[in-house]
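>>> show me how the following folds:
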Amino acid sequence: MTNSFRVKIQSFSTLREIEGARTAGDYSSLLDEMEYGDQSGLTDDELREICIMSLQDMSPVDAAFLVLKHDMADVLRDGQIRNIANEMLEEKLWEEYSDSSLHERLFNVGSLLYAAFPRSFPEPDAVHVTMEVIADNTSAREELSHSPNEPFLVRLLADGMDDHAILHRLYSAQLKGPSFPNADEVIWIIRTEVVDGSSIGIEVISSGYWLDALEDVEAYDSLAYSDATLG
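Next up, the predicted model:
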């Protein structure tokens, strides 16, 4: 049986940073790399503020290199980091970098750099969407009984967008097919809350590159499915 859902968009907002994306330990580690000195007695908020002020003692490009090196040395070489540090001055790499699996991490880098240098780096603009998803049939209720996975959620979101949206233009075959291996690159964060046996609340955070097409949408119908439940 084909799933049938009704989706109600409850809010659409822009975020400069993702709450909880960077811990006090991250700020402390960055301060260590900047040779700040004794951090004892500092609160979490003070660690953040002192980290930002310490970054401001550097040039924007050097600060970008340091934060990128701290956050992404596990996936990028020094030469790549140096190139990206320069590119971040002009480009929203959380939307434009060729490897979309790194977009969320690049957004978190960009958020901190913008806090330190708002005149030098692009303003962060992740999108936060909240919605209620209501199951209209037995198959859909069964789908909602499990935690939504990324392939299901991307298909659900795409059903609210017109055919010109970037999701449809880039991933038409995966949206309609049995498998969506790139779905986890589209969705950064998912939070869910059970409303009742037939509906759930969902929060999604990702870039406007993927989600801006939902900005003026209020409600729509969806036939979304998970990879494992096709057919």
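
>>> show me where this protein has strands.
With strands called from DSSP state E, the chain shows them at 5-15, 126-135, 189-196, 199-207, 219-222.

>>> where in this protein is pLDDT low?
229-231 (pLDDT under 70).

>>> helices of that one, residue ranges please.
According to DSSP state H, the chain carries its helices in the segments 24-33, 44-56, 60-72, 78-87, 93-96, 103-116, 138-144, 150-158, 166-176, 183-186, 208-211.

>>> out of the strands of the chain, flag the one nearest residue 143.
Smallest distance to residue 143 across the strands of the chain (Cβ to Cβ): 7.1 Å, for strand 126-135. (C-beta placed from N, C-alpha, C; glycine too.)

>>> strand partners (parallel or antiparallel) of the closest one?
Within its sheet, strand 126-135 is paired with strand 5-15 (antiparallel), strand 199-207 (antiparallel), according to DSSP bridges.

>>> for the closest residue to residue 64 other than its chain neighbours, give its distance to residue 95.
Excluding the flanking residues, the one nearest residue 64 by Cβ to Cβ, 6 or more residues apart in numbering is residue 85, at 3.8 Å. Taking Cβ to Cβ, to the nearest Å as the measure, residue 85 falls 17 Å from residue 95.

>>> which one's more surrounded, these two?
More crowded of residue 85 and residue 95, by other Cβ atoms under 10 Å: residue 85, with 22 against 19.

>>> okay, now the domains of this protein?
Here the domain parsing of the chain from automatic domain parsing is 5-15+125-229, 24-116.

>>> re earlier: single out the most deeply packed of the strands paired with strand 126-135.
Compared across the strands paired with strand 126-135, strand 199-207 shows the largest average neighbour count, a mean of 20 (mean count of other Cβ atoms under 10 Å).

>>> could you give the angle of it to helix 150-158?
Going by axes from the mean of the first three to the mean of the last three Cα atoms, to 10 degrees, strand 199-207 is angled at 90 degrees with respect to helix 150-158.
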